[in-house]
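In: Below is the sequence, then the predicted model.
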Amino acid sequence: MGARLRNVQARAAEHGRLRTGYTDGKRPVPSSTWVVTSHSEEHVRTAARLWGGEPEQWQPLNSTISQWRVITKASSIEALITPGDPLNQYNEMWSAGGCQRRCDGETELLTRQPCVCAGRFGEDWHQQKKGVVCSTTSRLNVMLPDLSGMGMWRAETHSFYAASEWGGMVDMVLAGTDGRGFVPVTLRIEPRQVVRAGQTKKFPVVVVELRGVTPRQALAGPMNAATALDPGAAGERRPAIEAPRPDYLAEAHGALTSDDVRDVWRKASTAGHVDPKGGDELSRQLMAIAAKKDEENRPERDGGEPGPDDDGVYDVEAYDDTDEPPVADASTVPWPQAAQPGQGGRR
């Protein structure tokens, strides 16, 4: 059995970032599709094959180390929320010298002072211009099951509106799984707009949605990796409870003619309850009942003239030189060929 350091938190390596924008020179540009960045060329090229776009080398602002990136053509990608709490959220202000403020909404954590932005601008502080106040920053660590490696990818957004939605979604999932299972999700970039002071502002918001499972399944407890990787299998409905099998023998006994009994057998055959070749016990019982119906319906010989049929037509051929009723051609009767009863009822 292996061992772990008790004073070191185990975590997966970070393979790269999932971004909703990119830089053109030093100018930030919002994107309606996902931008995948990584130090690994292999990861980025695989992402390009999956979601489109052209891989290219790229150097982040204020960094001397180049990376790889691809501006994909996909606004939605499949991901997995892994065990643990995958979400970190802070109000942050950054400069070339690093992080200047990091606040949990009540306390600025670097100085242990009350929230600076709320103190200056009130509860609507987030409506101030960028750079004047902190940016609401949400970081969600997910696994991309279709890329190589077992590491994590960090989706990051600075949207005030996405922050509340991400927090609500993740908290509901954690309430059901206790952070001990995998959850399949879709990360989707959704265009939004708001109207402030008579002006319309458009911006992208990252939406985290359950993928392939219902809330009932996601909140029922920890989900194993196999189910999370193939959520369609988990979403399959249980087969419906089979309806009670009809009492075919009772229907046959209540029939008037052998033709009616044959209809009962055809009904059972369509439902898959008898052997199409008539080799099962139920088929033999139905054929015996049909033969009995023929015997009951056989015309009696009184030496007189034949009587009329139900349609008023005198059928001389109903009487022949034998005591057996006429038998229909086996090739035209939908009845098991092993033993066909006579056709003595309807004409």
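Out: Thanks, I have it.

In: and the residue nearest to the spatial centre of the chain, what pLDDT?
Out: Nearest residue to the geometric centre of the chain (CA atoms, centre = their mean): Gly212, 2.5 Å. Turning to Gly212, the model gives it a pLDDT of 85.

In: for Leu5, same thing?
Out: Confidence per residue is given as pLDDT, and for Leu5 that number is 67.

In: Mind listing what's buried along stretch 155-165?
Out: For stretch 155-165, a neighbour-count test (16 or more other CB atoms under 10 Å) marks 155, 157-160, 162-163, 165 as buried. For glycine as for every other residue, the C-beta is placed from the backbone atoms N, C-alpha and C.

In: which one among these gets closest to Trp94?
Out: His158 (10.4 Å; CB to CB).

In: wouldn't the closest one be in contact with Thr136 here?
Out: Yes - because the distance of 6.3 Å satisfies CB atoms under 8 Å, His158 is recorded as touching Thr136.

In: Give the residues shared as contacts by these two.
Out: By CB atoms under 8 Å, 6 or more residues apart in numbering, His158 and Thr136 have no common neighbours.

In: For Met150, grab phi and psi.
Out: With angles defined as degrees, to the nearest 10, Met150 sits at phi -100, psi 20.

In: who touches it in this structure?
Out: So, once contact is read as CB under 8 Å, 6+ apart, Met150 ends up touching 12, 143.

In: now it: how far from Val170?
Out: 21 Å (CB to CB, to the nearest Å).

In: Also Ser31?
Out: For Ser31, the distance to Val170 (CB to CB) stands at 23 Å.

In: Now do the same contact list for Gln113.
Out: Thr107.

In: bridging residues for it?
Out: Going by DSSP bridges, Gln113 is paired in beta bridges with Glu108.

In: got a markdown table for the buried residues of stretch 155-165, with pLDDT too?
Out: As requested, the buried residues of stretch 155-165 are exported to a markdown table (pLDDT from 0 to 100):
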| residue | pLDDT |
| --- | --- |
| Ala155 | 91 |
| Thr157 | 84 |
| His158 | 84 |
| Ser159 | 81 |
| Phe160 | 82 |
| Ala162 | 81 |
| Ala163 | 85 |
| Glu165 | 84 |
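
In: So which of the residues you listed are in strands?
Out: Secondary structure defined by DSSP state E assigns 155, 157 of the buried residues of stretch 155-165 to strands.

In: For Ser38, state which of the buried residues of stretch 155-165 is nearest.
Out: Here the nearest of the buried residues of stretch 155-165 to Ser38, counting by CB to CB, is Ala155; it sits at 13.2 Å.

In: just to revisit the earlier point, can you tell me which two in the buried residues of stretch 155-165 are farthest apart?
Out: Between all members of the buried residues of stretch 155-165, the longest pairwise span (CB to CB) is found for Ala155 and Phe160 and amounts to 16.2 Å.

In: Can you report how many residues lie near His273?
Out: Using other CB atoms under 10 Å, His273 has 15 other residues around it.

In: Next, it: secondary structure please.
Out: Taking DSSP: H, G, I helix; E, B strand; the rest coil as the rule, one finds His273 in the coil state.

In: which non-adjacent residue is nearest it?
Out: Once flanking residues are discounted, His273 sits nearest to Arg245: 6.2 Å by CB to CB, 6 or more residues apart in numbering.

In: Now that the one you found has come up, it's in contact with Val274, right?
Out: No - under the criterion of CB under 8 Å, Arg245 lies out of contact with Val274, with a separation of 10.9 Å.

In: Tell me which of these two has more neighbours.
Out: It is Val274, of Arg245 and Val274, that has more neighbours when counted by other CB under 10 Å, with 23 against 10.

In: For the closest residue to Ser40 other than its chain neighbours, the count of nearby residues, please.
Out: Using CB to CB, 6+ apart and skipping residues adjacent in sequence, the residue nearest Ser40 is His15, 6.5 Å away. Applying other CB under 10 Å, we find 22 residues neighbouring His15.

In: show me what contacts His15?
Out: With CB under 8 Å, 6+ apart as the criterion, the residues that contact His15 are 38, 40, 43, 144, 147, 149, 151-153.

In: Please apply the same query to Asn88.
Out: Neighbouring residues of Asn88 by CB under 8 Å, 6+ apart: 138-139.

In: how far away is Glu156 from Asp171?
Out: Between Glu156 and Asp171 the distance, using CB to CB, works out to 19 Å.

In: Looking at the contacts of His15, which is nearest Pro60?
Out: Relative to Pro60, and with distances defined as CB to CB, the nearest of these is Ser38, at 11.7 Å.
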